[in-house]
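# my questions are about this predicted structure, shown below with the sequence.
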Amino acid sequence: MDSGAISRLAAIRERILSAHARFGAPPESVELVAVSKTFAADEIVPFLEAGQRVFGENRVQEANDKWPGLRERFPDVKLHLIGPLQTNKAREAVALFDVIETVDRDKLAGVLAAEMARAGRPLPCFVQVNIGLEDQKAGIAPAETVAFVERCRTEHGLEIVGLMCIPPDGVPPGPYFAHLATLGRAAGVQNLSMGMSGDFETGIAMGATHVRVGSALFGHRPAQV
């Protein structure tokens, strides 16, 4: 077993527990989503062997290339899609993933609902919020979030369990996480996916239920083409 993976995983889990205790965050616990995008199956195995079971991937095809084999060995894995989803990949995504964190438009919500019904596999979903209103990032605008969550539930029949965001780079993330928490309360969702390797403790301080940690676990991320 890889001692480096064990120690890094233990250190991140300890920081999560410490932040949760220090800030007295409302969720009973915080789920670590290990972001394994761009890393090969053999680099993920040590973390699986160390007990990590929740992972995040950005791309449907990349995940499909490596996770079916890993799941044969570790069938209790839960896989989150945390990258933008094209509607033409919805069928594959519904078959492969256990949670979709990036619902951000009505067309996608409708296609996902249809694919889930076809497959008989309803999945919990998060709505991705473009919390900083950045042109280069996906997500629904904050002002439209509550109404969009309602449409996803009532018109499309999706199970929306939370909100997800990526704050702008280079500025303190706290106000953006606080805004997402406010939107979550207004939308009546229980989960908030916010915080990555550099800011997950701030996310926990603001009420995160899920943190997405990649480089702090896996190290430097290979360039993705």
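Perfect, I can see it now. Bear in mind the structure is a predicted one, so any value in this text is a computation, not a measurement.
# identify the residues contacting the longest helix along the chain?
Counting residues, the longest helix in the chain under DSSP state H turns out to be helix 3-23. Residues lying outside helix 3-23 but in contact with it, judged by CB atoms under 8 Å, 6 or more residues apart in numbering, are 25, 27, 29-30, 32, 34, 46-47, 49-52, 200-201, 204-205, 211, 213, 216-217. All C-beta spots, glycine's among them, are computed from the backbone N, C-alpha and C.
# could you list the low-confidence segments of this protein?
Filtered on pLDDT under 70, the chain yields the residue ranges 1, 25, 221-225.
# and Ile160, bridged to which residues?
Beta bridges link Ile160 to Cys125, judged by DSSP bridges.
# report how many residues lie close to it.
Neighbour count of Ile160, defined by other CB atoms under 10 Å: 22.
# repeat that for Glu134.
With other CB under 10 Å as criterion, Glu134 counts 13.
# what's the answer for Glu101, then?
Taking other CB under 10 Å as the criterion, the count of residues near Glu101 is 26.
# now it. Nearest residue, chain neighbours left out?
The spatially closest residue to Glu101, leaving aside those adjacent along the chain, is Phe126, at 4.2 Å (CB to CB, 6 or more residues apart in numbering).
# re the thing from before, mind checking which of the contacts of helix 3-23 are buried?
The neighbour-count test (16 or more other CB atoms under 10 Å) marks 25, 30, 32, 34, 46-47, 50, 52, 200-201, 204-205, 211, 213, 216-217 as buried among those.
# which ones among these map onto helices?
Residues from these lying in helices, with DSSP H as the criterion: Pro46, Phe47, Phe200, Glu201, Ile204, Ala205, Ala216, Leu217.
# save those residues as CSV, and put in distance to Leu70 too.
As requested, those are exported to CSV (distance: CB to CB, whole Å):
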residue, distance to Leu70
Pro46, 12
Phe47, 11
Phe200, 24
Glu201, 29
Ile204, 28
Ala205, 33
Ala216, 21
Leu217, 16
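# quick one, what contacts the residue nearest to Glu101?
Shown here is Phe126, whose contacts under the criterion CB under 8 Å, 6+ apart are Val99, Ile100, Glu101, Thr102, Val103, Ile160, Val161, Gly162, Leu163, Met164, Asn191, Ser193.
# I'd like to know which of the residues you listed is nearest to Ala178.
For the contacts of Phe126, the residue nearest Ala178 by CB to CB is Leu163; the value is 12.6 Å.
# how about the closest one, nearest residue that isn't a chain neighbour?
The spatial neighbour of Leu163 that comes closest, neighbours along the chain excluded (CB to CB, 6+ apart), is Gly184 at 5.0 Å.
# and that neighbour, what is it in contact with?
Gly162, Leu163, Gln190, Asn191, Leu192, Gly207.
# what's the answer for His156, then?
The contact partners of His156, by CB under 8 Å, 6+ apart, come to Asp106, Ala109, Gly110, Leu112, Ala113.
# before we move on, which element is Phe177 in?
For Phe177, the element it lies in under DSSP states H and E is helix 174-187.
# which is the succeeding secondary structure element to that helix?
That would be, after helix 174-187 and using DSSP H and E, strand 191-193.
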